[in-house]
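Visitor: what would the 3D arrangement of this be:
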Amino acid sequence: MTRLTGLFLFVIFLFSLNGMSFSKTEGSKSRKYPPFIFKSVALEGKSIDLSEYVGKKLIMVNFWASWCPPCRYETPDLINLQEEFKDKLLIVGVALDNTVEPVKVFAQRYKFNYPIVHDGSGEISYLYGGITSIPTTFIINYEGKIVERIIGARSFEVFKGYVEKYIRKN
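Guide: As a prediction, this is how the structure comes out:
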């Protein structure tokens, strides 16, 4: 890649950030969040804004696809994890399928108890540095920082161990 091409891509990247909102205003103070604290619309049409949960809940962002066998393996465990920690944990599933229809079918079949966002364009995965393997799960602490990146499927017990490591004890 030439220096000119690299510079051009960098400028395009900066322009792409122009429309994104990385801060949340509370009264007179403004809190800044990194880009991976995203806003989107879940499958059922409800808006999801991770900045509303920073400081209140531990956040898990799980990248998956409906056609992925390891993703299908861990889905019931994530549903059970969300149920067990519903007052202290928010799981957000980010489906990387090319189209939304198989995601909707999968979501109906499994009856998710956490929001599912379709990322067919790759915009959300880009905010996480690009997802090269699925499933990949990120744990975001109460300060809005990524504290774990988990590549590959995990069981309920393993996920529970991660949650218990970072969840507030009060």
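Visitor: all contacts plus neighbour counts: C-alpha atoms, from now on.
Guide: Will do.
Visitor: what's opposite residue 47 in the beta bridge?
Guide: As for beta bridges, residue 47 partners with residue 41 under DSSP bridges.
Visitor: my bad, residue 146
Guide: Beta-bridge partners recorded for residue 146 (DSSP bridges): residue 140.
Visitor: please name the residues that touch residue 149.
Guide: Contact partners of residue 149, counting by Cα atoms under 8 Å, 6 or more residues apart in numbering, are 136-139.
Visitor: which element is residue 153 on?
Guide: Following DSSP states H and E, there is no helix or strand that holds residue 153.
Visitor: quick check: phi and psi on it?
Guide: When read as degrees, to the nearest 10, the backbone of residue 153 gives phi -70, psi 150.
Visitor: list the contacts for it?
Guide: 70-71, 73-74, 134-136.
Visitor: next one: it from residue 40, what distance?
Guide: 24 Å (Cα to Cα, to the nearest Å).
Visitor: selecting buried members of the contacts of residue 153 in PyMOL, what would you type?
Guide: Buried residues within the contacts of residue 153, by 16 or more other Cα atoms under 10 Å, are selected in PyMOL with:
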select buried, resi 70+71+74+134+135+136
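Visitor: turn the contacts of residue 153 into JSON lines, including distance to residue 108 and pLDDT.
Guide: As requested, these are exported to JSON lines (distance: Cα to Cα, whole Å; pLDDT from 0 to 100):
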{"residue": "70", "distance to residue 108": "19", "pLDDT": "98"}
{"residue": "71", "distance to residue 108": "16", "pLDDT": "97"}
{"residue": "73", "distance to residue 108": "16", "pLDDT": "96"}
{"residue": "74", "distance to residue 108": "16", "pLDDT": "97"}
{"residue": "134", "distance to residue 108": "21", "pLDDT": "97"}
{"residue": "135", "distance to residue 108": "19", "pLDDT": "98"}
{"residue": "136", "distance to residue 108": "22", "pLDDT": "98"}
